[in-house]
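**Student:** Using only what follows, build the 3D model:
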Amino acid sequence: MRIIKLDETSKLDVMKNLIKRSPDNYGPYENTVKEIIANVKENRDKAVFEYTKKFDKADINESNVRVTDEEIKEAYEKVDDELIRVIRRALKNIREYHSLQKRNSWIDTKSDGTILGQKISPIEYAGVYVPGGKAAYPSTVLMNVAPAEVAGVEHIIMCTPCNSEGKVYPTTLVAAKEAGVTEVYKVGGAQAIAAMAFGTQSIPKVDKIVGPGNIFVALAKRLVYGHVSIDSVAGPSEILVLADETATPKFVAADLLSQAEHDELASAILVTDSMKLAEEVSMWTEKFTAELERKEIIQKSLDNFGYILVTDNLEDGIDVVNEIAPEHLEIVTKNPYDTMTKVKNAGAMFLGEYSSEPLGDYFAGPNHVLPTNGTARFFSPLGVDDFIKKSSIISYSEPALRNVYKDVMTFAKAEGLTAHANSMRVRFEDVE
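**Tutor:** Below is the predicted model of the structure:
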């Protein structure tokens, strides 16, 4: 990995390069996705089935688009019992973590007869998109479905691509059944997002769409936002390790590569105040890369978006972290808990050298759907809050309103809204 002694000029160059990974640069594909969305909105099932035939080579129609109980049973027979056991253990951790995020409705009453409050309600229909073109992602199923289930969503609809024979990955179906998905449909790509956003004869319209996907899926989510809610438009995966001289170079290198193998656009960055650590981590990344199965993808990721940034001190390193606002942040310092208190922007933080990032991907419990490309400055991980609505509650008694109605009228008249003022006045004509 390239080692850069960080100054203002080199930091600016790094930031400019990382911006190239942003979903904001997906413009060349936008017209294609707009056409798909418009077609699905207009022609519904017909368009969905045509795109499935075109892109997935599968003959899908209204009779087989929905996964049956028999297909789910068949999936369980094909998945190793040990993997099913691990899926259940991971799901237990994920549910327990997200159950701590649940909010309660509340009411606040005052002696003058004023009652204010907030009512928490789950959304009715959640749509979950799960990729399935090149590999199976049961962990994605668990992470997107579990918080919806904990929130109390009644209908959890999942769309995922099928193969040319109309089959969905068995591990995906097992994870969906375990997590509590209501219905699974054999539809992928931008057409799946459009189908869930607008509804078709076979696929119900949802209130919110969550889940990762390729460029076409990401753009489709952005374009249907407003018709439905979405979680975010996620970019390629990224990891930043903040480490000092106490870190174990072999561990740091292994963790950097765990994200670099995702995608040629993935970013793996080490920020450290130790040149010795930087040089040793660089050596270990070269050694590991040569041995790993996905070495071509890893090498391109490192060549394009991999960095070892050496700062003058740890405080400067923390400033770099906050500026990059990474999706995954590992803090491997002498006192990671103290360092953590100074970090303002990160999707998920892993503290200490035995808190490796893959724990978060699969098992620990916190959600692995995280803000990318610097959006951790203002976005949060997927959670229970993404699947609830908040309704304000206002109730005034006659004496309570009598005490304030003139104030309301003054505000309304100041804005030229005399009907607003009249709504107050007519209730108290006897004192006007």
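**Student:** following the host helix or strand of residue 89, which helix or strand comes up?
**Tutor:** Per DSSP states H and E, residue 89 falls inside helix 81-99. Downstream of helix 81-99, the first helix or strand assigned by DSSP H and E is strand 106-109.
**Student:** Tell me the pLDDT of the closest residue to residue 402 other than its chain neighbours.
**Tutor:** Spatial nearest neighbour of residue 402, chain neighbours left out: residue 428 (6.4 Å); criterion: CB to CB, 6 or more residues apart in numbering. No exception for glycine: its C-beta is placed from N, CA and C like everyone else's. At residue 428, the pLDDT value in this model is 93.
**Student:** where does this structure dip in pLDDT?
**Tutor:** When residues are selected by pLDDT under 70, those of the chain lie in 23-26, 134, 431-432.
**Student:** What segments of it are strands?
**Tutor:** Per DSSP state E, the chain carries strands over the ranges 3-5, 106-109, 114-122, 125-129, 155-159, 183-185, 208-210, 229-230, 238-243, 267-272, 306-310, 328-332, 348-351, 388-396.
**Student:** partners of the fourth one, with directions?
**Tutor:** To tie it back to what came earlier, the one meant is strand 125-129. In the sheet, strand 125-129 lines up against strand 155-159 (parallel), strand 208-210 (parallel) (DSSP bridges).
**Student:** now do the shortest one
**Tutor:** Each strand that pairs with strand 229-230, with its direction, by DSSP bridges: strand 208-210 (parallel).
**Student:** picking up where we left off before, mind checking which of the strands paired with strand 125-129 is nearest residue 317?
**Tutor:** Closest approach to residue 317 among those (CB to CB): strand 208-210, 33.0 Å.
**Student:** Need the residues that contact the closest one.
**Tutor:** With contact meaning CB atoms under 8 Å, 6 or more residues apart in numbering, strand 208-210 is reached by 123, 125-129, 144, 148, 193, 196-197, 221, 224, 228-231, 369, 382, 386-387.
**Student:** coming back round to it: what about the residue nearest to residue 402, how many neighbours?
**Tutor:** By other CB atoms under 10 Å, the residues close to residue 428 number 14.
**Student:** repeat for residue 52
**Tutor:** If you count neighbours by other CB under 10 Å, residue 52 ends up with 24.
**Student:** again, but for the one 10 residues further on
**Tutor:** Burial of residue 62, expressed as a neighbour count using other CB under 10 Å, amounts to 14.
**Student:** Quick check: it vs residue 195, distance?
**Tutor:** For residue 62, the distance to residue 195 equals 12 Å [CB to CB, to the nearest Å].
**Student:** do the same with residue 172
**Tutor:** Distance of residue 172 to residue 195, given as CB to CB: 18 Å.
**Student:** Comparing the two, which residue is more hemmed in?
**Tutor:** residue 195 (29 against 26).
**Student:** which residues touch the residue nearest the centre of the chain?
**Tutor:** In the chain, the residue lying closest to the centroid (CA atoms, centre = their mean) is residue 369, at 3.4 Å. Contacts for residue 369 (CB under 8 Å, 6+ apart) come out as 143-144, 210-212, 231-232, 234, 381-382.
**Student:** give the contact list for the closest residue to residue 17 other than its chain neighbours.
**Tutor:** Nearest residue to residue 17, sequence neighbours excluded (CB to CB, 6+ apart): residue 305, at 6.8 Å. Neighbouring residues of residue 305 by CB under 8 Å, 6+ apart: 17-18, 21, 238, 265-268.
**Student:** ok, now residue 217?
**Tutor:** Contact analysis of residue 217 by CB under 8 Å, 6+ apart lists 129, 131, 189-190, 192-193.
**Student:** where's the residue nearest to residue 17 relative to residue 240, distance?
**Tutor:** 11 Å.
**Student:** cool, and residue 45?
**Tutor:** Noted for residue 45: a distance of 44 Å to residue 240, by CB to CB.
**Student:** Residue 78 and residue 168 touch, don't they?
**Tutor:** No. The criterion here is CB atoms under 8 Å, and residue 78 misses it with residue 168 at 11.2 Å.
**Student:** Between these two, which is the more surrounded one?
**Tutor:** A direct count of neighbours by other CB under 10 Å for residue 78 and residue 168 places residue 168 higher, at 24 against 12.
**Student:** could you list every residue that touches the more buried one?
**Tutor:** By CB under 8 Å, 6+ apart, the contact list for residue 168 reads 67, 71, 75, 132, 160-162, 184, 186.
**Student:** Top of the residues you listed by number of neighbours, please.
**Tutor:** In terms of neighbours by other CB under 10 Å, the contacts of residue 168 top out with residue 160 at 29 neighbours.
**Student:** how much space between that one and residue 55?
**Tutor:** Relative to residue 55, and taking CB to CB, residue 160 is found at 13 Å.
**Student:** quick one, what contacts residue 302?
**Tutor:** Contacts of residue 302 (CB under 8 Å, 6+ apart): 1, 260, 268, 285, 289.
**Student:** Restrict stretch 186-206 to CA atoms and write it as CSV.
**Tutor:** Extracted C-alpha coordinates of stretch 186-206, given in CSV (Å, rounded to 0.1, in the frame of the first residue of the first chain):
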residue,chain,number,x,y,z
LYS,A,186,-38.0,-13.0,-7.6
VAL,A,187,-37.2,-9.6,-9.0
GLY,A,188,-33.9,-7.7,-9.0
GLY,A,189,-32.4,-4.4,-10.2
ALA,A,190,-34.0,-1.1,-10.7
GLN,A,191,-37.2,-2.8,-11.7
ALA,A,192,-37.6,-4.3,-8.2
ILE,A,193,-37.2,-0.9,-6.7
ALA,A,194,-39.8,0.6,-9.0
ALA,A,195,-42.2,-2.3,-8.4
MET,A,196,-42.0,-1.8,-4.6
ALA,A,197,-42.3,2.0,-5.0
PHE,A,198,-45.4,2.0,-7.1
GLY,A,199,-46.8,-1.5,-6.8
THR,A,200,-47.8,-3.9,-9.5
GLN,A,201,-50.5,-6.5,-9.9
SER,A,202,-48.2,-9.0,-8.1
ILE,A,203,-45.9,-6.9,-5.9
PRO,A,204,-47.4,-4.6,-3.2
LYS,A,205,-46.5,-1.0,-2.9
VAL,A,206,-44.4,-0.4,0.2
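**Student:** so of the contacts of residue 369, which ones are in helices?
**Tutor:** Among these, the members found in helices (DSSP state H) are 143-144.
**Student:** Filter the contacts of residue 369 down to the buried ones and express that as a PyMOL selection.
**Tutor:** Filtering the contacts of residue 369 down to the buried ones (16 or more other CB atoms under 10 Å) takes a single PyMOL command:
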select buried, resi 143+144+210+211+212+231+232+234+381+382
